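Colleague: below are the sequence and a predicted model; questions follow.
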Amino acid sequence: MSRAALFIGLGLVAVAVALPSLAGPFLVFQLTQVLVYAIAILGLNMLTGISGQFSLGHGAFFAIGAYAAAIAIDTCGLGYGWALPLAGIVCFVAGLLFGLPALRLEGIYLALATFVLAVAAPQIFKLSLLEGWTGGVQGVFIAKPEAPFGLPLSGDQWLYFLVLTVGLVLYWTARNLVRSRSGRALLAIRENPVAARAMGIDLSLYKALAFAVSALYTGVAGVLSALTVQFVAPDSFTFVLSIALLVGVVVGGVGWLPGALVGGAFIVFVPNVAEDVSKGLSGAVYGIMLILLIYLMPTGVGGLVGRIAARTSRSRT
């Protein structure tokens with residue numbers, strides 16, 4: 001990492017830490033949602049941008065994480081500190097189990113399989129057979145965590161700092177993973193699977209692990225979302241959620257991990273702006289804004305940052 005990038009990153013972290021003391025409760029809630037979606041987008045970007053596997057079903061893993069935490073907290077009486085890693089493990093296993101049979105699928109066929117997963121998941125959680133665990137269509141309520149150790153923070157502020165801490169740890173982990181031997185193997189698979197196999201890379205193993213790790217990140221985001229909203233219901237995890245996460249990846253920049261934060265902000269704030277422009281045509285306004293953004297920045301914010309950095313380095317030489 002360059003010195004300039006390090007200073008920018010530390011500056012952003014400092015601003016993020018200071019924001020809850022300067023913002024009102026509702027804005028803190030919105031910023032927490034931005035961080036939650038950023039974590040989910042980070043996981044999807046590791047699958048799509050790094051390993052080259054296309055997914056339209058990550059809303060299902062988001063829902064699995066949320067329900068796993070809700071069941072652990074509401075039914076089993078576990079604290080949210082235990083429910084968070086437990087739900088992450090559940091989603092890792094779920095992603096691995098889905099990724100293994102999906103290894104034979106690529107491109108649009110893999111996208112279709114994940115689409116089915118996203119559509120089926122809300123209906124499965126509504127089944128009467130699981131109603132004792134999931135609450136059926138009524139959903140499950142979760143109590144808002146209070147700040148521990150007598151910290152002078154409101155519930156919303158504590159959740160913000162909790163999500164921020166988890167997000168920073170997961171970002172650091174993802175960054176190191178991408179730069180590791182496994183990350184280079186995933187990049188090789190994305191660029192040329194045939195050449196990667198010829199170099200001795202186990203495509204099946206790395207593709208399945210990419211799906212599992214991506215599901216873990218998205219599931220953790222689902223847990224944090226459930227704690228923030230204090231409610232989990234099947235209709236909160238429709239196919240629209242999976243599309244929103246994919247839009248966040250594209251807006252932030254496919255393969256550019258810091259873009260997850262930009263994508264999360266886009267998901268939370270742009271629909272509100274579109275509704276302020278026209279409540280009756282908010283969907284159309286949102287679509288127009290998205291089309292304009294893609295037209296102006298076809299490679300997302302990550303591509304724009306890359307072009308600016310390249311021009312800056314050329315001007316210095």
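Modeller: That came through fine.

Colleague: roughly how far apart are the residue sitting nearest the centre point of the chain and residue 137?
Modeller: A centroid search over the chain (CA atoms, centre = their mean) returns residue 40, at 0.8 Å, as the residue closest to the centre. The span separating residue 40 from residue 137 equals 24 Å under the rule CB to CB, to the nearest Å. (Glycine included, C-beta is placed from N, CA and C.)

Colleague: which helices and strands sit right next to the longest helix that the chain contains?
Modeller: Longest helix in the chain by number of residues (criterion: DSSP state H): helix 203-229. Helices and strands touching helix 203-229, by 3 or more CB pairs under 8 Å, 6 or more residues apart in numbering; DSSP states H and E, are helix 25-45, helix 58-70, helix 80-99, helix 155-179, helix 181-191, helix 193-198.

Colleague: to residue 233, which of those helices lies closest?
Modeller: Of all the helices and strands packed on helix 203-229, helix 58-70 sits nearest to residue 233, with 9.4 Å by CB to CB.

Colleague: now do the closest one and helix 80-99, the angle between them.
Modeller: With axes from the mean of the first three to the mean of the last three CA atoms, to 10 degrees defining the directions, helix 58-70 sits at 140 degrees from helix 80-99.

Colleague: ok, and the closest non-adjacent residue to residue 23?
Modeller: Of all residues not flanking residue 23 in the chain, residue 31 sits nearest, at 6.9 Å (CB to CB, 6 or more residues apart in numbering).

Colleague: okay, the one you found and residue 48: tell me how far apart.
Modeller: In terms of CB to CB, residue 31 sits 25 Å off from residue 48.

Colleague: before we move on, what about residue 186?
Modeller: Separation of residue 186 from residue 48 (CB to CB): 11 Å.

Colleague: next one: residue 106
Modeller: For residue 106 relative to residue 48 (CB to CB), the value is 13 Å.

Colleague: could you list the low-confidence segments of the chain?
Modeller: Residues of the chain that meet the criterion pLDDT under 70 lie in 1-5, 316-317.

Colleague: again, 50 this time
Modeller: The model of the chain has no residue with pLDDT under 50.

Colleague: give the contact list for the closest residue to residue 82 other than its chain neighbours.
Modeller: Excluding the flanking residues, the one nearest residue 82 by CB to CB, 6+ apart is residue 72, at 7.0 Å. Listed by CB atoms under 8 Å, 6 or more residues apart in numbering, the contact set of residue 72 reads 78, 82, 83, 86, 87.

Colleague: give me the number of residues near the third one?
Modeller: Burial of residue 83, expressed as a neighbour count using other CB atoms under 10 Å, amounts to 23.

Colleague: right, and it touches residue 223 too?
Modeller: Yes. Taking CB atoms under 8 Å as the definition, residue 83 is a contact partner of residue 223 at 6.5 Å.

Colleague: need the residues touching each of those two.
Modeller: Joint contacts of residue 83 and residue 223 (CB under 8 Å, 6+ apart) are 68, 69.

Colleague: quick check: phi and psi at residue 231.
Modeller: Per-residue torsions, residue 231: phi -160, psi 140 (degrees, to the nearest 10).

Colleague: and it, how many residues sit next to it?
Modeller: Neighbours of residue 231 (other CB under 10 Å): 15.

Colleague: what does residue 314 give?
Modeller: 8.

Colleague: gap between stretch 279-298 and the chain center?
Modeller: 21 Å (CA atoms, centre = their mean, to the nearest Å).

Colleague: buried ones in it?
Modeller: Going by neighbour count (16 or more other CB atoms under 10 Å), the buried part of stretch 279-298 is 282, 285, 286, 289, 290, 293, 297.
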